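J.: A structural model of the following input is requested.
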Amino acid sequence: MKTPIRFRVNGRPVTLETEEDRTLLWALRGDLELTGTKFGCGVGICGSCTVVINGKAVRSCQTSLKEVAGKDVTTIEGLAHDGELHPLQKAFVEHGAFQCGYCTPGMLMTAHALLLEEARPSPEAIAKGMEENLCRCGAHKRILAAVEAVSHEGGKR
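T.: Sure thing, here's the model as predicted:
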């Protein structure tokens, strides 16, 4: 049965008339046309579908719409503001922290949540915080360097 579900996406209020158990991933990609969030494994292992919900990194492929009712969701499309890339996005470019780019949105959202939680994490904390996002191209060292560069400035650049 379809139910109205209200939440905020990238700062804007959204109401979807849909099934409560539908996943956030497919609502973002299909209903809201926010295709930056990627489908990867579909079982919450790879991290390609990571978004930030109320400040925490969450796998959108494993999150029902019922779980996001009344919450704030940030997707990769919500990181940049007024045409200006987020410091993490800039650092990823500067460090070449991607090859094919498929994992990049999930990596950025995981890093964003990490820096929201702790503005200046140690290199070990960054590695631990990013370890559950997979990159098949092997750009992990450059990804960690990009996150560390932003963390040196307290998450701001």
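
J.: so what touches stretch 6-20?
T.: Here stretch 6-20 makes contact (CB atoms under 8 Å, 6 or more residues apart in numbering) with 1-5, 27-28, 31-32, 34, 64-66, 68-75, 77-78. Where you see a C-beta, it was placed from the backbone N, CA and C, and this is true even at glycine.

J.: gap between that stretch and the chain center?
T.: Distance of stretch 6-20 from its chain centroid, counting by CA atoms, centre = their mean, to the nearest Å, is 17 Å.

J.: what's the mean pLDDT across that stretch?
T.: Here stretch 6-20 scores 96 as its mean pLDDT.

J.: ok, now stretch 130-145?
T.: Stretch 130-145 carries an average pLDDT of 92.

J.: what does stretch 94-101 give?
T.: Mean pLDDT, computed over stretch 94-101, is 93.

J.: end-to-end on that stretch?
T.: 14 Å (CA to CA, to the nearest Å).

J.: what's in contact with it?
T.: With CB under 8 Å, 6+ apart, stretch 94-101 has contacts from 91-92, 104, 107, 136-139, 142-143, 145-146, 149.

J.: go through the contacts of stretch 6-20 and flag which are in strands.
T.: Those of the contacts of stretch 6-20 mapping onto strands are Lys2, Thr3, Pro4, Ile5, Asp72, Val73, Thr74, per DSSP state E.

J.: just the residues you listed now: which is nearest Ala57?
T.: Among the ones in strands among the contacts of stretch 6-20, Thr74 lies closest to Ala57 (CB to CB), at 10.1 Å.

J.: pLDDT at the closest one, what is it?
T.: 98.

J.: tell me the bridge partners for it.
T.: With beta bridges defined as DSSP bridges, Thr74 has these partners: Val52.

J.: contacting residues for the spatially most central residue of the chain?
T.: The residue lying closest to the centre of the chain (CA atoms, centre = their mean) is Met109, at 2.6 Å. Counting by CB under 8 Å, 6+ apart, Met109 makes contact with Thr50, Val51, Val52, Ala57, Thr74, Thr75, Ile76, Leu79.
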